[in-house]
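S.K.: Output the structure for:
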Amino acid sequence: MGQRRIGQASLAEALLPAGVGSNRRLDRILDLIDWSPMERLLAPLRVPTGRPGYPPLALFRALLLAQ
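M.R.: Reported below is the predicted structural model:
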């Protein structure tokens, strides 16, 4: 089953100067929280069919930010 890689730069992102689009506040939150237990809980939710999807943990983090 395929899975998209988060953090891989696209062509447009590769042409931008370093540091553009970074967010210090989100980086600090990432350092404060141990996401591994949540990642283990969300791992079975991946469906092995179709196009490669985003990792469930990335989708969960997006949901938290939306709230």
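
S.K.: most centrally placed residue in the protein?
M.R.: Nearest residue to the geometric centre of the chain (Cα atoms, centre = their mean): residue 58, 3.4 Å.

S.K.: just checking, what packs against the helix or strand harbouring that residue?
M.R.: Using DSSP states H and E, residue 58 maps to helix 56-66. Using 3 or more Cβ pairs under 8 Å, 6 or more residues apart in numbering; DSSP states H and E, the elements in contact with helix 56-66 are helix 36-42. All C-beta atoms are positioned from the backbone trio N, CA, C, and that covers glycine.

S.K.: Mind listing residues that contact the helix it packs on?
M.R.: 56, 57, 60 (Cβ atoms under 8 Å, 6 or more residues apart in numbering).

S.K.: Please report how far the residue nearest to the first one when sequence neighbours are not counted lies from residue 35.
M.R.: In other words, residue 56. Spatial nearest neighbour of residue 56, excluding adjacent residues (Cβ to Cβ, 6 or more residues apart in numbering): residue 42 at 3.8 Å. Here residue 42 is placed at a distance of 10 Å from residue 35 (Cβ to Cβ, to the nearest Å).
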